[in-house]
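**Student:** Coordinates only, no sequence provided:
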């Protein structure tokens, strides 16, 4: 069965510092993987997606994630945090080919300090 | 293009009343999902439809909840009778028929039951 674990419910970084949000998954087949962002009082928005085309995936707002099969990880990074990055981030997994049911992680709230 | 549309955005009702939440998915998408989000339980999948057919409703809390999708462009989630513990933000999401079937979320309906 699929599952996803996000390490750390809260992460705090200083503006300009590296952002690293951790995600580990479990899947019986090579999965589809996603990162979503949720700003206050808004719905979830797709940041990026992995579909096996390339292990390093670039998304919107300068974020990227690397798929590491040996570590079953899909960590999200951004070289330099901006105040506007403060939000909640969700990692998600679904199994090909249908991918109808997506399992979401519990979320990591990112705080950015001035 | 218009995203997922939900109405109303806010709903305040008294315990025992019927509540109907509405969703219009993105045109061309063939899967639709209803989620509930609370601080205590996080993001929960309630039900999802594929080609207007309910595929998995195992997340629906109890018989007070029902969902319909009469056509490809409209879905409703109904709670009857409503209870204070139903207070939450309810999201609708839709996904396209092509892999990886990423989900696009609406802005949500904030429901308060007094």
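**Tutor:** Perfect, thanks for sending it. As the structure is a computational prediction, the values presented were derived from the model and not from experiment.
**Student:** and chain A, which residues reach chain B?
**Tutor:** Contact residues (C-beta under 8 Å from any C-beta of the partner chain) of chain A with chain B: A:32, A:34, A:36, A:42-46, A:49, A:51, A:90, A:94, A:96-102, A:104, A:106-107. (Glycine included, C-beta is placed from N, CA and C.)
**Student:** While we're on the most centrally placed residue in chain A, how confident is the model there?
**Tutor:** By C-alpha atoms, centre = their mean, the mean C-alpha position of chain A lies nearest to residue A:35, the distance being 3.4 Å. You'll see residue A:35 listed with a pLDDT of 97.
**Student:** contacting residues for it?
**Tutor:** A:21, A:23, A:46-49, A:59, A:63, A:65, A:74, A:76, A:89-92 (C-beta atoms under 8 Å, 6 or more residues apart in numbering or on different chains).
**Student:** What is the helix or strand bottoming out on mean pLDDT in chain A packed up against?
**Tutor:** Within chain A, no helix or strand scores below strand A:103-104, which has a mean of 92 by mean pLDDT, DSSP states H and E. Other elements packing on strand A:103-104 under the criterion 3 or more C-beta pairs under 8 Å, 6 or more residues apart in numbering or on different chains; DSSP states H and E are strand A:3-7, strand A:87-94.
**Student:** can you tell me which residues contact residue 69?
**Tutor:** Using chain A. Per C-beta under 8 Å, 6+ apart, neighbours of residue A:69: residue A:30.
**Student:** I was thinking of chain B, sorry if that wasn't clear
**Tutor:** Residues near residue B:69 by C-beta under 8 Å, 6+ apart: B:32, B:49, B:52-54, B:75.
**Student:** Just among these, which is most surrounded?
**Tutor:** residue B:32 (28 neighbours; other C-beta atoms under 10 Å in any protein chain shown).
**Student:** Residues in a beta bridge with it, which ones?
**Tutor:** According to DSSP bridges, the residues that bridge with residue B:32 are residue B:49, residue B:94.
**Student:** Show me what the helix or strand harbouring residue A:57 pairs with in its sheet, parallel or antiparallel.
**Tutor:** In the assignment (DSSP states H and E), residue A:57 maps to strand A:56-58. Sheet pairing for strand A:56-58, assigned by DSSP bridges, gives strand A:64-68 (antiparallel).
**Student:** For residue A:61, which three-state class applies?
**Tutor:** For residue A:61, the assignment made with DSSP: H, G, I helix; E, B strand; the rest coil gives helix.
**Student:** Surely residue B:96 touches residue B:29?
**Tutor:** Yes - using C-beta atoms under 8 Å, residue B:96 makes contact with residue B:29 at a distance of 5.2 Å.
**Student:** Give me the below-cutoff pLDDT ranges for chain A.
**Tutor:** Applying pLDDT under 70 to chain A flags residues A:97-99.
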